[in-house]
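Chemist: here is a sequence together with a model predicted from it:
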There are 2 protein chains.
Amino acid sequence: MADTGITPRERDYSQWYLDVIAQGDLADYSPVKGCMVIRPHGYAVWDTMRNELDARFRATGHVNAYFPLFIPVSFLSKEAEHVEGFAKECAVVTHHRLRASAQGGVEPDPTSKLEEPLVVRPTSETIIWHMYGKWIQSHRDLPILINQWANVVRWEMKTRLFLRTTEFLWQEGHTAHATAEEAVAETKQMLDVYADFAEKVLAVPVVRGVKSASERFAGAVDTYCIEAMMQNGWALQAGTSHFLGQNFAKAFDVSFQTEAGSRDFVWATSWGVSTRLVGAVIMSHSDDTGLVLPPSLAPIQVVVTPIWRGEAEKATVLAFAERVDKLLCGQVRVKLDARDSMKPGAKYFEWERKGVPLRLEIGPRDVAQNSVFAAPRTGGGKFAIPVDEQLLAVVKAKLDEIQALLYNRAAERLAARTVSVSSYDELKARLEEGLFFRVNWCDDAANEARIKEETKATIRCYPLDGQSPDGPCFYSGRPATHVAIFARAY
Amino acid sequence: MADTGITPRERDYSQWYLDVIAQGDLADYSPVKGCMVIRPHGYAVWDTMRNELDARFRATGHVNAYFPLFIPVSFLSKEAEHVEGFAKECAVVTHHRLRASAQGGVEPDPTSKLEEPLVVRPTSETIIWHMYGKWIQSHRDLPILINQWANVVRWEMKTRLFLRTTEFLWQEGHTAHATAEEAVAETKQMLDVYADFAEKVLAVPVVRGVKSASERFAGAVDTYCIEAMMQNGWALQAGTSHFLGQNFAKAFDVSFQTEAGSRDFVWATSWGVSTRLVGAVIMSHSDDTGLVLPPSLAPIQVVVTPIWRGEAEKATVLAFAERVDKLLCGQVRVKLDARDSMKPGAKYFEWERKGVPLRLEIGPRDVAQNSVFAAPRTGGGKFAIPVDEQLLAVVKAKLDEIQALLYNRAAERLAARTVSVSSYDELKARLEEGLFFRVNWCDDAANEARIKEETKATIRCYPLDGQSPDGPCFYSGRPATHVAIFARAY
């Protein structure tokens, strides 16, 4: 621990997580409570997520737009459930000017008090449906398939870098449809987009499911979700897709003329993922040496580290390293680390902590043998790769292998730590093992709340795997209505 | 005007601008005073700007990061001039919770009042330099070359879509250096990046210059800028790059150990461009038919519009149009508009208003002749292009020609409407012509303020073209210290 600055997972999982972030230069605390600074390496990870998701959104017919940061407080109260969920902890703007204070600093100028306070958006359904009301008159204006990349603010009392912060970055899709069927299909499609992205890019296997009523988005008819399992067996909600029915259309009076000539309220969906996905990736793959990034997500997939002593060696080794760099450049995300000021060991250490999947070491002996010495971040021993026309293919194959390895490890964990239990006592007895508990469940919000209070385990979802209950409710003994997954969650 | 929904420029230039935005589906007013909604087409234009700029920032060694939206009010007062410039009109967060009000709505909960109010960032120097203080100890930590893409808020009393809005999107670069020389070089480099981007991508020629003391960024030692000329001859500041000296390092106590072992304060720059550039593009190139976009910036560079009557024609024409689409796709940004529901004329009208540089019409006769009928948005007559292996090259050449045409038109305007005047009376007499007035000037803030009050013309910049004053000050008759450009500005 003194060596790496990283607390081993076994000793303190929470501290390990924070150490991985600090040592990987991913994020830092800011002077504003609950708000984080996303450092360049962390931002590059988010940027890759953004690019990958954005391409998937475009491929499914969506376009980007931008709506205001501020929402009049009266908007929040228009949708009855929404106000319950989102009007509570949010940043409220009440003044628009500062003035010099008697103490020599500045303070809000009382003469600049706003007539109606503004809320910094915790999510944008209300302002967007206000605008949709201006834009939608006829079925010809539908569907609207808009996504927004934005920052949002939810005032959190207990925060954790990436996983729960007062301000976070996210995307929020908001679509408007002529029929319920189309809106439901959109909701499910976006869930599939998220699941595919999580599994292919993040190498994080997920359970697709539906939320119970008490875990549902405030204002939704149905909330679909993907749930991932972290290394300690806790769940992390990695994305949600909501079928909003006509709730927001009614609240904001958005109706349209149907093809048949009648009027109907518009059907809605919304869906989002956020910078908490960076936390999910960290907790899925990293080890006691620090961050591990799946190649599809890594801003730098391959780092080339030349090693030399003296100027003569330097010239030869650097020229060879530049040749290697050129062979890979544009095909994989490669970085040549030619810094003079650091010893090789320090460089290795830095790139390991930053999670670079593959390191190619080049010393004078490698130059002589016309090869590089490859060290995968996931271990398994170093090996030589000849530097010829096959180099790119070998490197790509190794990156694919690392990607598959990380996914498979996580999938095996998910499978091994998902257990069926048939009694509440069994769940309680095994709670500390860090498991997904699959149970037969009779939908009952009061029982759900009681279990949450006693165990802190919540219904993560009703899985969409087509399985039906095969016995009575594990808690109440009543006929089961669902298969549910209970787990502790971030 | 009834036809297009666009007021002619001659009749009302301001209304024309707003009509172009509305008819081009670029932006809309929001229910929050001064805040706009950027609609998908407008956002796509901004996104292209973002991608082009981001690539240029990376190529010059910069990385992206993200800093918090909220700034403690006390931070603003740390830099003496900065507080004067930015603490005035800004959104102030004073509470973090709402509660049900007696009237049935919601209101700020008095028990949630923040100990220290937070400002929604008007610019991020203060919070970033606070963080740099944590990150910088030694010369080995320098330079830091960080850029941020973000939203910022400046409470504006008089707003205009894109050009001046309370919330806007921008990028802000913030760099830290060991020497003044390096920081000045960075400041100038980023000005060149902006100028190159404006001229090559936006097709907007700019004057590079330095601001007078009264137009300088609050907290800067020197503000460099690029100034563009709109079609009415008014100036628009299109980008700024600030040399901040050691002002922020001193305010936030950010010093470092030099290579020689002594301690010195860090040298800083900051630089930014915003969504107002979308306004600059609109005002530079558009006409009385609506938006005109330069091809390098257009989200859709080429629209293919098949024209048919009846199902038999439809099959043939569509198949041919798809072939054309495939020949161009991936090489230029092309869209095939195969909508069944609209007549050709309505489609032409829509794409013209959206500023698509080149339209390729395809009717049965074109199919028979194996050609498309090309209509450039900039006019000059339609012409046929054979559909063969040369199509892509011809289309690309036409796009290049349109790009050059737009730039040249704007450059000719800038040259023709930049005049040298040797007396204040002459300036006043010609004020309404819409001109850049080049004058010999003796630096004097009081005289500058007087001219601004009397004519609304301001010093846009002292141009960096190497010219020296060739006579006494046009206003005071005193020996001139600078060549200055005065103009009305947005």
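Modeler: It's in.
Chemist: quick check: mean pLDDT of stretch A:466-476?
Modeler: Throughout stretch A:466-476, pLDDT has a mean value of 96.
Chemist: from the middle of its chain, how far away would it be?
Modeler: Averaged C-alpha coordinates place stretch A:466-476 at 31 Å from its chain's average position (C-alpha atoms, centre = their mean, to the nearest Å).
Chemist: just stretch A:284-296 next, same as before
Modeler: The chain centre lies 15 Å from the centre of stretch A:284-296; the measure is C-alpha atoms, centre = their mean.
Chemist: just for chain A, where's the confidence low?
Modeler: For chain A, the stretches with pLDDT under 70 are A:1-3.
Chemist: nearest the geometric middle of it, what residue?
Modeler: Taking C-alpha atoms, centre = their mean, the centroid of chain A lies closest to A:Leu277, which sits 1.8 Å from it.
Chemist: and that one, what element?
Modeler: helix A:276-285 (DSSP states H and E).
Chemist: next SSE after that helix?
Modeler: Next helix or strand after helix A:276-285 toward the C-terminus (DSSP H and E): strand A:302-306.
Chemist: buried sites along the helix or strand that that following strand is followed by?
Modeler: Next helix or strand after strand A:302-306 toward the C-terminus (DSSP H and E): helix A:310-328. By 16 or more other C-beta atoms under 10 Å in any protein chain shown, the buried positions in helix A:310-328 come out as A:Lys314, A:Val317, A:Leu318, A:Phe320, A:Ala321, A:Val324, A:Asp325, A:Leu327, A:Leu328. Where you see a C-beta, it was placed from the backbone N, CA and C, and this is true even at glycine.
Chemist: ignoring the adjacent residues along the chain, who's closest to the third one?
Modeler: It refers to A:Leu318. Excluding the flanking residues, the one nearest A:Leu318 by C-beta to C-beta, 6 or more residues apart in numbering or on different chains is A:Pro306, at 5.6 Å.
Chemist: please look at the one you found and A:Lys335 and confirm they touch.
Modeler: No: in this structure A:Pro306 lies outside contact range of A:Lys335 using C-beta atoms under 8 Å: 12.0 Å.
Chemist: the two: which has the busier surroundings?
Modeler: Using other C-beta atoms under 10 Å in any protein chain shown as the criterion, A:Pro306 and A:Lys335 rank with A:Pro306 on top: 29 against 17.
Chemist: can you pull the contacts of the more buried one?
Modeler: Listed by C-beta atoms under 8 Å, 6 or more residues apart in numbering or on different chains, the contact partners of A:Pro306 are A:Lys314, A:Val317, A:Leu318, A:Phe320, A:Ala321, A:Leu336, A:Asp337, A:Ala338, A:Ile362, A:Gly363.
Chemist: with A:Val204 instead?
Modeler: So A:Val204 contacts A:Ala198, A:Ala228, A:Ala238, A:Ala280, A:Val281, A:Ser284, A:Tyr407, A:Ala410 (C-beta under 8 Å, 6+ apart).
Chemist: could I get the contacts of A:Pro306 as CSV with distance to B:Leu191?
Modeler: Formatted as CSV, these follow (distance: C-beta to C-beta, whole Å):
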residue, distance to B:Leu191
A:Lys314, 36
A:Val317, 38
A:Leu318, 33
A:Phe320, 39
A:Ala321, 34
A:Leu336, 30
A:Asp337, 31
A:Ala338, 29
A:Ile362, 39
A:Gly363, 43
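Chemist: which one of these sits closest to B:Met342?
Modeler: Nearest to B:Met342 among those is A:Leu336, at 52.8 Å by C-beta to C-beta.
Chemist: burial count for the closest one?
Modeler: Count around A:Leu336 with other C-beta under 10 Å applied: 20.
Chemist: tally of neighbours for whichever residue of the stretch 351-490 of chain A sits closest to chain B?
Modeler: Nearest to chain B in the stretch 351-490 of chain A, going by C-beta to the nearest C-beta, is A:Lys354, at a distance of 12.8 Å. By the criterion of other C-beta under 10 Å, A:Lys354 has 22 neighbours.
Chemist: return the residues in contact with the closest residue in space to it that isn't next to it in sequence.
Modeler: Spatially, and ignoring its direct neighbours in sequence, A:Lys354 is nearest to A:Gly24 (5.3 Å; C-beta to C-beta, 6+ apart). Applying C-beta under 8 Å, 6+ apart to A:Gly24 gives the contacts A:His41, A:Gly42, A:Ile282, A:Gly290, A:Leu291, A:Arg353, A:Lys354, A:Gly355.
Chemist: coming back round to it: how about the buried residues of helix A:310-328 in a markdown table, adding distance to A:His242?
Modeler: Putting the buried residues of helix A:310-328 into a markdown table (distance: C-beta to C-beta, whole Å) gives the following:
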| residue | distance to A:His242 |
| --- | --- |
| A:Lys314 | 58 |
| A:Val317 | 56 |
| A:Leu318 | 54 |
| A:Phe320 | 54 |
| A:Ala321 | 50 |
| A:Val324 | 48 |
| A:Asp325 | 46 |
| A:Leu327 | 47 |
| A:Leu328 | 42 |
